[in-house]
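Starting from these lines, generate the structure:
(chains A and B)
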Amino acid sequence: MSASTEALRAEGIVKTFGHVTALDGVSMHVARGEMLGILGDNGAGKSTLMKILTGYHRPTSGQMFVNGAPVSLGSVDHARTFGIECVYQDLALVNGLSIYHNLFLNREILRPGPFRLLDHRAMRRHAEAALADIGVNIPSVDLEVGALSGGQRQAIAVARAVASNARILLLDEPLAAMGAREAGLIIGLIERLKARGDIAIVMIAHNYAQTLEICDRVMLMQHGEVTFESRAAETSPTELLEIVRREYRAARVG
Amino acid sequence: MAAEKTAAAGGPAQAGPRSGLFGRLHDFLLRPEASVIVVAVILVIYFQFTNVNFLTNANLETLSQFIAAPVIIACGEIMLLICREIDLSVGQVFALAPFVMERAYDIGLPVVPAIVAALLVCALIGYVIGLITIRLSVPSFITTLGMLFLITGVTLTISRGFPANTPGGKLLTNIMGNWGYAEMVWALGIVVVMHIVLRHTRWGLHTIATGGNVVAAAESGIDCDRIRMGNFILTSTLGGFAGLLEAFRIGSTDPLAGGSNIMFLGVASGVIGGTAIAGGTGTIIGGLVGGIVLGVLQDGFTLQGINAFTFDIIIGAAILLAMVANIHLARLRGAGQG
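Down below sits the predicted model:
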């Protein structure tokens, strides 16, 4: 893959919390229009990696590159300026707020004038357009997010990232705890985003079959390291499972 | 009732485009303030019916003076409750502020700068509460419980336990609370400003987000600690301001003014008005109407000659009833989790 389409690269990322090494030299890359799946068990370091990519945590050592240029992300807001947006597992949505307030949380549209008042009308209009743009069907953007289903909430969370001009979209377990129909809704949404070709997507997941189905490339993480990497078409859930099983056996013997 | 109009006009007109009288009534009843507004109207009708003196100018003035301070305090507490904090010491700041003004005046400051100095000290107290709560991770319930005793001690020390006369000329004294409705005008002004802050500024939205889902708020880049800190400072300052108004109204400072009683009236106004004690949702207009309900109950029963013991029983029952209505209306709205 040529450097010109490469959206995000991380080299030798190490992250320690006190005596615990959460990430031990992880490298990854993803290109525009490509979708990378990161698999691994709980505690493998997937979420820590995600939080480093979004600027939530700073790596202990290692280097990140956006569009080939080295960057050091100081905060979530800073990462945003590079088009890095994350949709978290715990759904960064506020139940008590409406859909449109959630879509614009911390990047509200303000009315002109000295009082910096919220422009509810403009946010409502943009929210409707943003949802229509990616094919998410919701009766009204005035609905409180707490009243929506899990799939709808996930879709709103993805829409929020896309609406804020995400170039690098990070999805943390987007299909977790979702029924087939709900998951179908999100998979459809992800496919439409991929088809646009201008967004690089990184997805964290547990489910091997689902991940291989929708990702172009997958990476397996175990105890803070990348232990396997492949094009999705060239591997299978069986092979991935075998690698994990081998690891368990080694651990038991050790 | 003015509050009713405001609530209905600000209703979710765009949400469910219900037409007709029943549709609008339905939309109105789903608002968190709805039950308390209905209660307030019923109470006013009841007391006017049983006592013709209720809606007289003299009584309305008394009523407004009883309502104003708790409503001002409620405006701060509502913001704190929404972001899942509370300030138990605001009633003590209420008592302290006039004495700070007094001392500042004594050492040679003109009255207005002395008032400003008092408010700055109150803001500083809010800042200290915020520091202890946020930086040292002490729950605000505990932090402010400690401050409650601490500030009482400070007030008694600097006042030596004696009241003093408030300084200032007639005009200033009138503006600051001595004119019959001055306190209520201030309270209404603060309600309007705080309603706008809560509903129409980033600060209000971020306060709701901080209380509703602190992880989500932080992940979207909101500085939740800053929001909390700001609301602690706001609450203490409003508490001190209410205390100053009260002192100017009476014409003297009282080391035993306010206290936990006025703090609880403020919190109760907010909660009765529809602010969730668990955070994430609240309404300033509801806090105003909640304060009116408590004031009307107190004043109405006083006119009827019901004694203070009975009054406490009624207030307690009113709070419980309001909470039951509050929770069940919220369930009806389907705004609960999941």
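
going forward, measure contacts and count neighbours with C-alpha atoms only.
Noted.

Dihedrals phi and psi, residue 32?
With no chain named, the answer covers chain A. With angles defined as degrees, to the nearest 10, A:Arg32 sits at phi -60, psi 140.

my bad, chain B
Per degrees, to the nearest 10, the backbone of B:Pro32 is at phi -60, psi -30.

quick one: it from B:Val271, how far?
Note on B:Pro32: its distance to B:Val271, by CA to CA, to the nearest Å, is 10 Å.

Count the residues that sit near residue 120.
Let's take chain A. A:His120: 17 surrounding residues under other CA atoms under 10 Å in any protein chain shown.

Please refer instead to chain B.
18.

So for it, what's the nearest residue that isn't a sequence neighbour?
Nearest non-adjacent residue to B:Leu120, counting by CA to CA, 6 or more residues apart in numbering or on different chains: B:Thr237, 7.5 Å away.

For A:Val94, which three-state class applies?
Three states are possible here, and by DSSP: H, G, I helix; E, B strand; the rest coil the one that applies to A:Val94 is coil.

need the contact list for it.
If a contact means CA atoms under 8 Å, 6 or more residues apart in numbering or on different chains, then A:Val94 has A:Asn102, A:Val145, A:Gly146, B:Ala209, B:Gly212, B:Asn213, B:Ala216, B:Ala217 as its contacts.

quick one: pLDDT of it?
Here the pLDDT value assigned to A:Val94 is 91.

Residue numbers of the stretch 1-150 of chain A in contact with chain B?
Residues of the stretch 1-150 of chain A lying close to chain B (CA under 8 Å from any CA of the partner chain) are A:56, A:76-77, A:90-97, A:105-106, A:108, A:116-119, A:140-144, A:146-149.

Filter those down to the ones in strands?
Of the residues of the stretch 1-150 of chain A next to chain B, none are assigned to strands by DSSP state E.

Now a PyMOL select for only the buried ones of the residues you listed.
With 16 or more other CA atoms under 10 Å in any protein chain shown as the burial test, the buried ones among the residues of the stretch 1-150 of chain A next to chain B are selected in PyMOL as follows:
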select buried, chain A and resi 56+76+77+91+92+93+94+95+96+97+105+106+108+117+118+140+141+142+143+144+146+147+148
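
Where does the stretch 201-338 of chain B get nearest to chain A, residue-wise?
Residue nearest to chain A within the stretch 201-338 of chain B: B:Ala216 (3.8 Å; CA to the nearest CA).

The most centrally placed residue in chain B: helix or strand, and which one exactly?
In chain B, the centroid-proximal residue (CA atoms, centre = their mean) is B:Ala74; its distance is 1.3 Å. If you go by DSSP states H and E, B:Ala74 is part of helix B:57-82.

who touches the closest residue to chain B within chain A in this structure?
When scored by CA to the nearest CA, chain A has A:Ala92 as its residue closest to chain B, at 3.8 Å. With contact set as CA under 8 Å, 6+ apart, A:Ala92 has these partners: A:Ala157, B:Asn213, B:Val215, B:Ala216, B:Ala217, B:Glu219, B:Ser220.

List the residue ranges of the stretch 1-150 of chain B that fall below the pLDDT cut-off.
Scanning the stretch 1-150 of chain B for pLDDT under 70 picks out B:1-19.

these two touch, right, A:Gly25 and A:Thr60?
No: applying CA atoms under 8 Å as the test, A:Gly25 and A:Thr60 come out as separate, 10.1 Å apart.

anything in contact with each of those two?
A:Ile13, A:Val14.

Please enumerate the helices of the stretch 101-250 of chain A.
Using DSSP state H, counting those that start in this stretch, the helices of the stretch 101-250 of chain A run over residues A:120-133, A:150-163, A:180-196, A:208-214, A:237-253.

and what of the stretch 151-300 of chain B?
For the stretch 151-300 of chain B, the helices defined by DSSP H, counting those that start in this stretch occupy B:170-173, B:182-200, B:202-212, B:214-219, B:224-250, B:259-272, B:284-304.

Please name whichever of the ones you listed is nearest to A:Glu229.
Nearest of these to A:Glu229, taken as CA to CA: helix B:214-219 at 29.0 Å.

helices or strands next to that closest one in the packing?
helix B:202-212, helix B:224-250 (3 or more CA pairs under 8 Å, 6 or more residues apart in numbering or on different chains; DSSP states H and E).

I'd like those as TSV, with mean pLDDT appended.
Below are the helices and strands packed on helix B:214-219 laid out as TSV (pLDDT from 0 to 100):
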stretch	mean pLDDT
helix B:202-212	96
helix B:224-250	97
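
Low-confidence stretches in the stretch 151-254 of chain A?
Looking at the stretch 151-254 of chain A by pLDDT under 70, you get A:254.

How many residues are close by the residue of the stretch 51-200 of chain B found nearest chain A?
Per CA to the nearest CA, the residue of the stretch 51-200 of chain B with the smallest distance to chain A is B:His200, at 5.0 Å. Neighbour count of B:His200, defined by other CA under 10 Å: 19.

cool, A:Val158 as well?
The burial count for A:Val158: 28, using other CA under 10 Å.

Tell me who's in contact with it.
If you count contacts by CA under 8 Å, 6+ apart, A:Val158 has them with A:Val87.

What of B:Leu205?
B:Leu205 touches B:Leu198, B:Arg199, counting by CA under 8 Å, 6+ apart.

Near B:Asn174, how many other residues are there?
By the criterion of other CA under 10 Å, B:Asn174 has 18 neighbours.

My guess is it contacts B:Val185. True?
No: using CA under 8 Å, B:Asn174 is not in contact with B:Val185, being 11.8 Å away.

For the nearest residue to A:Arg124 once chain neighbours are set aside, identify the helix or strand it belongs to.
Among residues not flanking A:Arg124 along the chain, A:Tyr100 sits closest, at 5.6 Å (CA to CA, 6+ apart). According to DSSP H and E, A:Tyr100 maps onto helix A:99-103.

can I get the CA coordinates of that helix in CSV?
Extracted C-alpha coordinates of helix A:99-103, given in CSV (Å, rounded to 0.1, in the frame of the first residue of the first chain):
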residue,chain,number,x,y,z
ILE,A,99,-30.3,13.2,19.6
TYR,A,100,-29.2,16.5,18.1
HIS,A,101,-27.6,17.7,21.3
ASN,A,102,-25.7,14.4,21.4
LEU,A,103,-24.6,14.7,17.8
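
Tell me the helices and strands packed up against it.
helix A:120-133, helix A:150-163.

Try it again at 7 Å.
Applying 3 or more CA pairs under 7 Å, 6 or more residues apart in numbering or on different chains; DSSP states H and E, we find helix A:99-103 packed against helix A:120-133.

what packs against the helix it packs on?
Applying 3+ CA pairs under 7 Å, 6+ apart, we find helix A:120-133 packed against helix A:99-103, helix A:150-163.

what about A:Thr81, neighbour count?
Count around A:Thr81 with other CA under 10 Å applied: 12.

for it, phi and psi?
phi -60, psi -20.

List the residues that contact it.
Shown in contact with A:Thr81 (CA atoms under 7 Å, 6 or more residues apart in numbering or on different chains): no residues.
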